[in-house]
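1. Sequence first, then the predicted structure:
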Amino acid sequence: MIALTQPSAEIHLPAGDLYPDASLQVEHLGIAAHQDDLEFMALQGILPGLADRRASFGGVVCTDGSGSPRCGKYAGTTDAEMAAIRRREQRLAAAIGQYKFIAQLGYSSKELREGSRSLTTDLASLCIAARPRIVHTHSPLDKHDTHLHVFASVIEALRSLPEESRPEMLYGCEVWRGLDWVNDEEKVAFDVSQSPHIANALNGVFDSQIAGGKRYDLATEGRRRANATYAASHTTDQATHLALAIDLSALLKDTRLDPVAFALGFIDRFRASAEAGLRRAFRS
């Protein structure tokens, strides 16, 4: 049984299996900061498991959601009540998406921003149990501080594992900042056009955020549609919805790579590409 740090942490198995007797092994593992991030950024890992259980998905949510913005019918909820609501919403999403498990670790956002070392330990323990081949987490170029702290903890956790136990692939996915600007040859475009009704259901579960004043459901669906149409200017659309990511697997294969320099390399190469295009236009 995994010993997680926070007293409120839980590992929930939507199919009704009893933990710790059931295996947590999955093909895809999503690691996110908040309830709803998995559904917005890791749909490409969720959808395969709906058709083929061998491609099962497991999710990890690091924060307790107590600091969420709120208004309308949720305006008067306390932090503790909001945390309970968000936990239930995440459990419901896991049931709709048929996740093999959903782990909610119960950290406050403040604890993560202060650099909690125990999060790294928790994530390493979960990765050992889940043995994922593919991990989906936040992009290192995200603009949300809590997302960046989760990204850093994911890198530290995966690098702490024996080399043979690390996942084959690690993707940094878009949430708070799109990745459409990344040079085409460096971005990974996942076709998530299939099962739009499932995607909409997953996005729509998080009523506390949507009714609370943030239309993440519409924004996420719109971003995927925009990614598909603006993917190529001289061909017709090959998909209706694309989710974008960058491949971070090199950070696991070569632990000497500086994650900050690696991330900023995408910006440097984009800048060079943008400058070359403008130079051609101005013949300068």
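-> Yes, it's here.

2. Confirm that Thr137 sits in a helix.
-> No - under DSSP: H, G, I helix; E, B strand; the rest coil, Thr137 falls outside any helix and is assigned strand.

3. Counting neighbours, what do you get for it?
-> 30 (other Cβ atoms under 10 Å). The way it works is simple: take the backbone N, C-alpha and C, and place the C-beta from them, glycine included.

4. Identify the bridge partners of it.
-> Counting by DSSP bridges, Thr137 forms beta bridges with Gly172.

5. how much space between it and Gly59?
-> Using Cβ to Cβ, to the nearest Å, one gets 11 Å for the distance from Thr137 to Gly59.

6. what touches both of the two?
-> Contact criterion Cβ atoms under 8 Å, 6 or more residues apart in numbering; residues shared by Thr137 and Gly59: Gly30, Ile31, Ala32.

7. Next, the residues that contact the helix or strand that contains Leu105 from outside, please.
-> Element membership of Leu105, judged by DSSP states H and E, is strand 101-107. Identification of contacts with strand 101-107 by Cβ under 8 Å, 6+ apart yields 4-14, 19, 24, 26, 35, 58-64, 87, 90-91, 93-94, 116, 119, 122, 126, 130.

8. In ChimeraX, select just the buried ones from these.
-> In ChimeraX, this line selects whichever of these come out buried by 16 or more other Cβ atoms under 10 Å:
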select :4,5,6,9,11,12,13,14,19,24,26,35,58,59,60,61,62,63,64,87,90,91,93,94,116,119,122,126,130
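
9. Can you list which of the contacts of strand 101-107 are found in strands?
-> In strands, judged by DSSP state E, the following of those are found: Glu10, Ile11, His12, Gly58, Gly59, Val60, Val61, Cys62, Thr63.

10. Out of those residues, the closest to Arg271 would be?
-> The nearest member of the ones in strands among the contacts of strand 101-107 to Arg271, counting by Cβ to Cβ, is Cys62 at 32.0 Å.

11. roughly how far apart are the closest one and Arg53?
-> In this view, Cys62 and Arg53 are 26 Å apart by Cβ to Cβ.

12. Equivalent analysis for Phe270, please.
-> From Phe270 to Arg53 the distance is 39 Å (Cβ to Cβ).

13. What of Ala276?
-> With distances taken as Cβ to Cβ, Ala276 is found 47 Å from Arg53.

14. where in the chain is pLDDT low?
-> Residues of the chain meeting the criterion pLDDT under 70: none.

15. Please spell out which residues along the top helix by length along it are buried.
-> For the chain, the longest helix by residue count, based on DSSP state H, is helix 259-282. Within helix 259-282, the residues that count as buried by 16+ other Cβ under 10 Å are Phe262, Ala263, Phe266, Ser273.
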